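Student: Predicted model, plus sequence, below.
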Amino acid sequence: MTDSPPKKGVFNATVLMNRSLGDKFCRLTLELEKKANIPFSHASAGQFIEIDISKLALPAEKLIPQHLSDSAQRDIILRRPFSFADIDCNNDTTVVEILYCVLGPATLRMKTLKIGDSVNFIGPLGNGFKIPENRKLALLVAGGMGAPPLIHLAKVLKKQCPDTELIAFVGAKALAGLAFFDIETSKLKKETDIALGEFSRLNIKTFISTDDGSAGVKGFVSESFKNWLTKNKPDDKDTIVYACGPEAMLSATAAISSQFKLPCQVSLERRMACGTGLCQSCAVKCRDKANGNTIYKLCCKDGPVFWSDEVVWE
Ligand SMILES: Cc1cc2nc3c(=O)[nH]c(=O)nc-3n(C[C@H](O)[C@H](O)[C@H](O)COP(=O)(O)OP(=O)(O)OC[C@H]3O[C@@H](n4cnc5c(N)ncnc54)[C@H](O)[C@@H]3O)c2cc1C
Ligand code: FES
């Protein structure tokens, strides 16, 4: 009998790059230690790692934004979850990309990581996006910080399903919130249909929207998605929707997908303590499809990716 490959573990990684993308966003590239190669060669888009930030120091005071000066002082006891924007397993070397937004004490400390520094993490964790066979069209709906796992998924789909057409809908509050895409914002014209950053490199048609109209169409990304569906009426048997972003945007995307009878997978976020199913802090209210009863699943262990029709949206 052969042993099944290890699914997760505690590993170290070396920082290859950590650079800013605009004011609030950063791109962190990590080379994982060799023993992580096997679990990560089986990892899927939408899975995540829990990074130990506890030993990292704060940046110099002048580099701490005013609005974070109080919260920055908090001790970081719990690891922090991050999904991947890419996993590249090649010749026994695994390199992962994390795109992160600086929001509080942990992400502020992550900004200080330098080339050659070591970080400890647990992963790969959770269940990622599933890729059903025979889908001719995959629609990716990304809101704000939800872009990274969809960038990874797009790369996986391009490789594994070369005949599937991909169309992306990307939204943010304002132009600055699109920085995950590593674009020179001066190049971003105010158009409705712009191929940008990673999606452009993958040749994916992309519709941009911002709440304030500073890039693309003014309005929510879910509206841009709905307008496209209304105009194009894709076949429900050939199409699948993948979404990641704030809960209200996911709820709207789930409702619109259901209206057009399209299967939809959503990547949810919860505050996570352990990341491995032990502390029960990340409950997601779901519907048992067999009998309609309310059940609670764990975002870290059963998710973070769920079918949108199993989630009870509130
Ligand atoms: C499965 C998963 C994948 C994630 N992937 C990414 C990623 O690829 N890139 C990225 O930038 N961030 C990602 N996050 C969010 C990231 O974990 C948090 O931004 C980070 O932990 C914030 O830590 P902090 O100490 O800097 O800020 P905190 O002080 O912990 O938080 C700052 C603010 O952000 C809110 N917040 C923090 N974490 C969450 C959360 N999980 N859900 C909702 N609100 C939250 C807090 O309520 C607070 O208002 C992911 C979260 C999950 C659960
Ligand atoms: S974070 Fe502990 S159970 Fe999910």
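Tutor: Ah, there it is. Numbers count the residues shown, from 1 in each chain. Ligands and ions are numbered 1, 2, ... in the order given.

Student: Taking the chain, what residue is nearest to ligand 1?
Tutor: Of all residues in the chain, G104 sits closest to ligand 1, at 2.3 Å by Cβ to the nearest ligand atom. All C-beta atoms are positioned from the backbone trio N, CA, C, and that covers glycine.

Student: Which residue is the nearest non-sequential neighbour of that residue?
Tutor: Leaving aside its sequence neighbours, G104 sits nearest to S71 (Cβ to Cβ, 6 or more residues apart in numbering; 5.3 Å).

Student: just checking, next helix/strand downstream of whichever strand or helix holds S209?
Tutor: For S209, the host element (DSSP states H and E) is strand 205-210. Where DSSP H and E defines the elements, the next helix or strand beyond strand 205-210 is strand 217-218.

Student: Any part of stretch 273-292 near ligand 2?
Tutor: Yes. Using Cβ under 6 Å from any ligand atom, stretch 273-292 reaches ligand 2 at 273-275, 277-282.

Student: can you give me the strands in the stretch 101-250 of the chain?
Tutor: Listed in chain order, the strands of the stretch 101-250 of the chain (DSSP state E, counting those that start in this stretch) span 118-125, 137-143, 165-172, 205-210, 217-218, 239-244.

Student: Looking at these, which one is packed in the most?
Tutor: When those are scored by mean count of other Cβ atoms under 10 Å, the highest mean neighbour count falls to strand 239-244 (a mean of 27).

Student: what does stretch 276-285 contact?
Tutor: The contact list for stretch 276-285 (Cβ atoms under 8 Å, 6 or more residues apart in numbering) reads 8, 50, 122, 125, 268, 270-274, 294, 296-303, 306, 311-312, 314.

Student: Please convert the buried members of the residues you listed into ChimeraX selection syntax.
Tutor: A single ChimeraX command is used to select the members of the contacts of stretch 276-285 judged buried by 16 or more other Cβ atoms under 10 Å:
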select :8,50,122,125,268,270,272,273,274,297,298,299,300,301,302,303,306,311
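
Student: Mind checking which of the contacts of stretch 276-285 land in strands?
Tutor: 50, 122, 125, 294, 296-298, 306 (DSSP state E).

Student: Which pair of the residues you listed spans the longest distance?
Tutor: I122 and T294 (30.0 Å; Cβ to Cβ).

Student: send the alpha carbons of the helix or strand of the chain with the lowest mean pLDDT over as PDB?
Tutor: Taking mean pLDDT, DSSP states H and E as the measure, the chain has helix 197-201 as its least confident helix or strand, at a mean of 79. Coordinates of the C-alpha atoms in helix 197-201 are reproduced here as PDB (Å, rounded to 0.1, in the frame of the first residue of the first chain):
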ATOM      1  CA  GLY A 197      -2.000  43.500 -15.100                       C
ATOM      2  CA  GLU A 198      -1.900  39.700 -14.600                       C
ATOM      3  CA  PHE A 199      -5.200  39.200 -16.500                       C
ATOM      4  CA  SER A 200      -3.800  41.100 -19.400                       C
ATOM      5  CA  ARG A 201      -0.700  39.000 -19.500                       C
END
